[in-house]
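Based on what follows, work out the 3D shape:
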Amino acid sequence: MLTLTLPLITPDDVVGPLSEFVQDVVTLDPVLLQLGVFAVLLGGVFALAALGLTLIFGVMDVVNFAHGMLIVTGMYTVFFLTTTFGVNPFLAIPVAVAFLFVVGVVISVTSIEPIIEAPQENQFIVTLGLTFILLAIIQIIFTGDPRSIALDLGRIDFYGALIPRGQLYALVLAVVAMAGLWVFLQKTELGTAIRATADNRDGAWYVGINVPHIDHLTVGIGSALAGLAGSAIVIFSPFDPFIGESYLVKAFVIVVLGGLGSFPGALVGGLIVGFIQVFGGFYLPGTVNEVLIFVLFVLLLYLKPTGLFGAREV
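Residues are numbered from 1 along each chain as shown. Alright, predicted model coming up:
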């Protein structure tokens, strides 16, 4: 019989670290600035990882369970280009983004379009199947061994806190991507068509918008954002074919926290998860910080099911 073993959390596991945190705040311990820097950097990357997921859901009402493996595909695309052809990792990033856009369009045409009107459990099975296919392909080509890119970019001193350049560049990529996506959606004709489709798919049909083409474009952009997230992560972190599961779970938590389909919510949700993970990992024992993330997740679902920025359904 299978048994599920959960970490045993006692009051001392929370009270002791909480008192230590309060003492650090009162004394303005410099460690708080360092932790805050790490939290913002990590939260930005988490937000970028969730951005493509919330875009696809907001437009198509499809939860893409293959999103985590698309992030991993972006990682291995950059790794392949840098190790095989000697391409600078930063020059490999736009190639990976373009490649993931094409992959996303192919997935949309061959797998998502046929089941777009199907029940959500059908969508779940199809996108989950895509996850296993991508995982198998990456394992066949690259094996399951952990990989990394030998890239030491150094650190920046910020009032005594050290900012790793790799994570800082990843945060810059996240901010630029979010700003670029906002400008695209708000200021271009295609962006307006995407927003119109997200608001009312039937209405979009009636005014002459080719909804299937918009769907393909949306999945392509969402996949490209996943590729960008994966490309940013390899700048500063090792990876393996199975790491996509962790980022997928974090992305789902962030999307629900911020509100399904909300781009500001993805940013805020990413920062919340980043702060909990960094500060909880420092002050709390074991994996209690991971438990706190899901406690907040469940609590918010109970108090505000639409998320922080989600619109209430009428």
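
What ranges does the stretch 151-300 of the chain have for its strands?
155-158, 161-164 (DSSP state E, counting those that start in this stretch).

Can you say which of these is nearest to residue 243?
strand 161-164 (18.7 Å; CB to CB). The C-beta positions use only the backbone N, C-alpha and C, and glycine is treated the same way.

Buried residues of that closest one, list them for me.
Residues of strand 161-164 classed as buried: 161, 163-164 (neighbour count, 16 or more other CB atoms under 10 Å).

do stretch 270-289 as well
Of the residues in stretch 270-289, 270-285, 288-289 count as buried by neighbour count, 16+ other CB under 10 Å.

same question for it, mean pLDDT?
Per-residue pLDDT over stretch 270-289 has a mean of 87.

between the buried residues of strand 161-164, which is nearest residue 255?
Sorting those by how near they are to residue 255, with CB to CB, puts residue 164 at the top with 26.5 Å.

buried residues in stretch 125-136?
126-127, 130-131, 134-135.

hang on, I meant stretch 237-246
Buried, per 16+ other CB under 10 Å, within stretch 237-246: 239-241, 243-244.

so can I have a markdown table of those residues showing pLDDT?
Formatted as a markdown table, the buried residues of stretch 237-246 follow (pLDDT from 0 to 100):
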| residue | pLDDT |
| --- | --- |
| 239 | 94 |
| 240 | 95 |
| 241 | 95 |
| 243 | 94 |
| 244 | 93 |
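
for the residues you listed, which one is nearest residue 120?
residue 244 (21.2 Å).

All the helices of the stretch 51-200 of the chain, residue numbers only.
67-84, 89-107, 120-142, 165-187, 189-199 (DSSP state H, counting those that start in this stretch).

I'd like the ones you listed as JSON lines, with distance to residue 30 and mean pLDDT appended.
Formatted as JSON lines, those follow (distance: least, CB to CB, whole Å; pLDDT from 0 to 100):
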{"stretch": "helix 67-84", "distance to residue 30": "33", "mean pLDDT": "96"}
{"stretch": "helix 89-107", "distance to residue 30": "32", "mean pLDDT": "96"}
{"stretch": "helix 120-142", "distance to residue 30": "41", "mean pLDDT": "93"}
{"stretch": "helix 165-187", "distance to residue 30": "19", "mean pLDDT": "90"}
{"stretch": "helix 189-199", "distance to residue 30": "44", "mean pLDDT": "91"}
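
can I get those in TSV with distance to residue 54?
TSV is the format used below for the helices of the stretch 51-200 of the chain (distance: least, CB to CB, whole Å):
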stretch	distance to residue 54
helix 67-84	10
helix 89-107	15
helix 120-142	15
helix 165-187	11
helix 189-199	11
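
Just say which of these is most tucked in.
For the helices of the stretch 51-200 of the chain, the largest average neighbour count (mean count of other CB atoms under 10 Å) is found in helix 67-84, namely a mean of 24.

Now do that helix against helix 89-107, angle only.
140 degrees (axes from the mean of the first three to the mean of the last three CA atoms, to 10 degrees).

Helix 67-84 vs helix 120-142, what angle?
20 degrees.

looking just at contacts, which helices and strands does helix 67-84 meet?
With contacts taken as 3 or more CB pairs under 8 Å, 6 or more residues apart in numbering; DSSP states H and E, helix 67-84 sits against helix 31-60, helix 89-107, helix 120-142, helix 211-234, helix 244-258.

list the helices and strands the third one packs on?
Yep, that's helix 120-142 we're talking about. helix 67-84.

Recalculate using a threshold of 10 Å.
Under the contact criterion of 3 or more CB pairs under 10 Å, 6 or more residues apart in numbering; DSSP states H and E, helix 120-142 touches helix 67-84, helix 89-107, helix 244-258.

Summarise which helices and strands the second one is packed against.
Packing partners of helix 89-107 (3+ CB pairs under 10 Å, 6+ apart): helix 31-60, helix 67-84, helix 120-142, helix 165-187, helix 211-234.

Out of those, the one nearest residue 305 is which?
helix 31-60 (15.0 Å).
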